[in-house]
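**Q** compute the structure for the input listed below.
(one chain, ligands or ions: 1)
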Amino acid sequence: DTGSAAAIPINEVDIAYVTPVTVGTPPQTLMLDLDTGSSDLWVFSSLTPSSQIRGQEIYTPTKSSTSQLLNGHTWSIRYGDGSSSRGTVFTDNFTIGGLEVKSQAVQTAQEVSSSFTQEQSLDGLVGLGFSTLNTVRPSSQLTFFDNARPNLDEEVFTADLKYHATGTYDFGFIDSKKHNGTITYTPVQPSPGYWTHSLSGYSVGSGAFQSSQISGISDTGTTLLYLPTAIVTAYYRQVQGAQNSQYYGGYVFPCASTLPTFTFGIEGARFTIPASYINYTRISPTSTTCYGGLQSSSGLGINIFGDVALKAAFVVFSGTNPPRIGFAPK
Ligand SMILES: CC[C@H](C)[C@H](NC(=O)[C@@H](NC[C@H](O)[C@@H](N)CC(C)C)C(C)C)C(=O)N[C@@H](Cc1ccccc1)C(=O)OC
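**A** Okay, here's the model as predicted:
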């Protein structure tokens with residue numbers, strides 16, 4: 001089997017991407033954030049207090065003839081950005097882009113933190129990290145990819161995220177029309193459960209490439225690119241008027257400043273992030289100060305190759321044994 005679905009930016013600065021999915025019988029359509037940085041599939045539901053719902057679509061298990069309560073199971077998750085959610089679990093039919101998994105664990109939110117309530121275009125997440133990270137207890141549940149894997153033509157899914165445009169997630173095949181040239185693969189460390197791998201180095205603008213192994217996680221659910229402070233300061237040293245603002249919690253600069261590109265290495269291959277991706281957003285609609293798409297990871301304890309980096313490439317998440325991740329130009 002294979003599947004193919006849209007990755008739609010939820011606002012004008014690509015803060016997150018959502019994908020239409022269907023749950024239950026008859027199918028209920030929700031827009032979910034496919035997130036390789038976590039491994040819980042959870043949705044706004046009929047069990048979510050109405051005070052915490054602001055325009056999101058919900059899953060109502062009692063309206064589905066194929067839903068089954070997973071008795072006595074609960075979940076609770078906290079993300080790196082401080083957001084959180086928790087609740088109970090049903091199994092039901094779940095489809096992404098024509099690819100169906102019967103009796104997928106669908107985690108129904110009984111509580112979501114305010115940042116989820118405020119994001120009205122996001123009805124939940126599909127975790128595509130390794131199932132070891134799943135928070136359902138007493139028995140952890142498998143991700144959509146792990147459930148689909150035995151029926152997939154190829155044990156892969158791919159992300160073709162785009163700047164200010166709709167891209168695609170494909171399951172079970174590698175679409176050669178979506179990338180130019182060869183896919184460069186590098187090993188993935190599957191423990192503790194992220195898609196953890198190394199960059200082979202970086203360069204700023206037309207500067208010389210600095211070879212160095214930079215370990216981090218490729219996370220489609222994280223908006224920006226977070227790298228070690230030394231790299232980030234070297235980048236913003238090239239930007240007129242840039243400063244690391246305590247007030248805004250990161251590097252800001254005059255919106256009119258010229259930004260250099262940023263290039264990262266995957267093994268011997270090189271991927272260049274256009275300056276426009278790093279000129280991320282005005283700090284407020286009328287401000288002339290802008291917030292950078294490249295920020296320091298020092299507060300996180302982990303380097304995160306988020307959407308700002310991933311949308312510069314065609315990315316293959318390969319669930320083969322051993323797992324690996326591939327990047328290709330597009
Ligand atoms: C099961 C928990 C999942 C795997 C959670 N994953 C994450 O937080 C990763 N992905 C974050 C998500 O992509 C998030 N941005 C989705 C949006 C819609 C909220 C981060 C690290 C890039 C995690 O590691 N949470 C940490 C909390 C944390 C992480 C990083 C820094 C600080 C604190 C934890 O609780 O681990 C047990």
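
**Q** is the ligand contacted by whichever strand or helix holds Asn71?
**A** Counting by DSSP states H and E, the element that carries Asn71 is strand 68-78. Yes - using CB under 6 Å from any ligand atom, strand 68-78 comes into contact with the ligand via Ile77, Arg78. No exception for glycine: its C-beta is placed from N, CA and C like everyone else's.

**Q** which positions in that strand come out as buried?
**A** Across strand 68-78, burial judged by 16 or more other CB atoms under 10 Å covers Leu70, His73, Trp75, Ile77.

**Q** what is the mean pLDDT for the top helix by length along the chain?
**A** Taking DSSP state H as the assignment, the helix of the chain that covers the most residues is helix 229-236. Per-residue pLDDT over helix 229-236 has a mean of 98.

**Q** now the helices: where do they sit in the stretch 51-200 of the chain?
**A** 114-118, 144-148 (DSSP state H, counting those that start in this stretch).

**Q** now do the contacts for Gly55.
**A** Gln120, Ser121 (CB atoms under 8 Å, 6 or more residues apart in numbering).

**Q** measure it to the ligand for me?
**A** According to CB to the nearest ligand atom, to the nearest Å, Gly55 and the ligand sit 16 Å apart.

**Q** and Thr289, by the same measure?
**A** Thr289 is 24 Å from the ligand, by CB to the nearest ligand atom.

**Q** skip the chain neighbours and tell me the closest residue to the residue of the stretch 101-250 of the chain found nearest the ligand.
**A** Proximity of the stretch 101-250 of the chain to the ligand (CB to the nearest ligand atom) peaks at Gly221, 2.5 Å away. Nearest non-adjacent residue to Gly221, counting by CB to CB, 6 or more residues apart in numbering: Asp35, 3.1 Å away.

**Q** show me the beta-bridge partners of that neighbour.
**A** Assessed by DSSP bridges, Asp35 has beta-bridge partners Gly127.

**Q** residues near it, how many?
**A** Neighbour count for Asp35, taken as other CB atoms under 10 Å: 22.

**Q** that one touches Thr223, doesn't it?
**A** No - contact status for Asp35 versus Thr223: not in contact, 11.4 Å apart, counting by CB atoms under 8 Å.

**Q** can you list the weak-confidence ranges in the stretch 51-200 of the chain?
**A** Within the stretch 51-200 of the chain, no stretch has pLDDT under 70.

**Q** spell out which parts of this structure neighbour the ligand.
**A** Within reach of the ligand by CB under 6 Å from any ligand atom, the chain has these residues: 16, 33, 35, 37-38, 77-81, 83, 125, 133, 135, 219, 221-222, 300, 302, 304.

**Q** give me the buried subset of the residues you listed.
**A** Using 16+ other CB under 10 Å, the buried members of these are 16, 33, 35, 37-38, 77, 79-80, 125, 133, 135, 219, 221-222, 304.

**Q** inside strands: which ones of those residues?
**A** Assignment to strands by DSSP state E places the following of those there: Asp33, Asp35, Ile77, Leu125, Ile304.

**Q** contacting residues for the fourth one?
**A** To tie it back to what came earlier, the one meant is Leu125. Neighbouring residues of Leu125 by CB under 8 Å, 6+ apart: Leu32, Asp33, Leu34, Asp35, Ser38, Asp40, Leu41, Trp42, Gly221.

**Q** can you lay out those as TSV showing pLDDT?
**A** As requested, these are exported to TSV (pLDDT from 0 to 100):
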residue	pLDDT
Leu32	99
Asp33	98
Leu34	98
Asp35	98
Ser38	98
Asp40	99
Leu41	99
Trp42	99
Gly221	98
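
**Q** which one of the residues you listed is nearest Glu119?
**A** Asp33 (8.8 Å; CB to CB).

**Q** for stretch 146-160, output the C-alpha coordinates as PDB.
**A** Once non-C-alpha atoms are left out, stretch 146-160 reads as follows in PDB (Å, rounded to 0.1, in the frame of the first residue of the first chain):
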ATOM      1  CA  ASP A 146       4.500   1.400  12.700                       C
ATOM      2  CA  ASN A 147       0.900   0.000  12.200                       C
ATOM      3  CA  ALA A 148       1.000   0.700   8.400                       C
ATOM      4  CA  ARG A 149       4.500  -0.500   7.900                       C
ATOM      5  CA  PRO A 150       3.800  -4.300   7.200                       C
ATOM      6  CA  ASN A 151       1.400  -3.300   4.300                       C
ATOM      7  CA  LEU A 152       3.600  -0.500   2.800                       C
ATOM      8  CA  ASP A 153       5.300  -1.100  -0.600                       C
ATOM      9  CA  GLU A 154       8.500   0.400   1.000                       C
ATOM     10  CA  GLU A 155       9.200   1.000   4.700                       C
ATOM     11  CA  VAL A 156       9.400   4.700   4.300                       C
ATOM     12  CA  PHE A 157       7.500   8.000   4.500                       C
ATOM     13  CA  THR A 158       8.700  11.200   3.000                       C
ATOM     14  CA  ALA A 159       8.200  14.900   3.800                       C
ATOM     15  CA  ASP A 160       8.200  17.500   1.100                       C
END
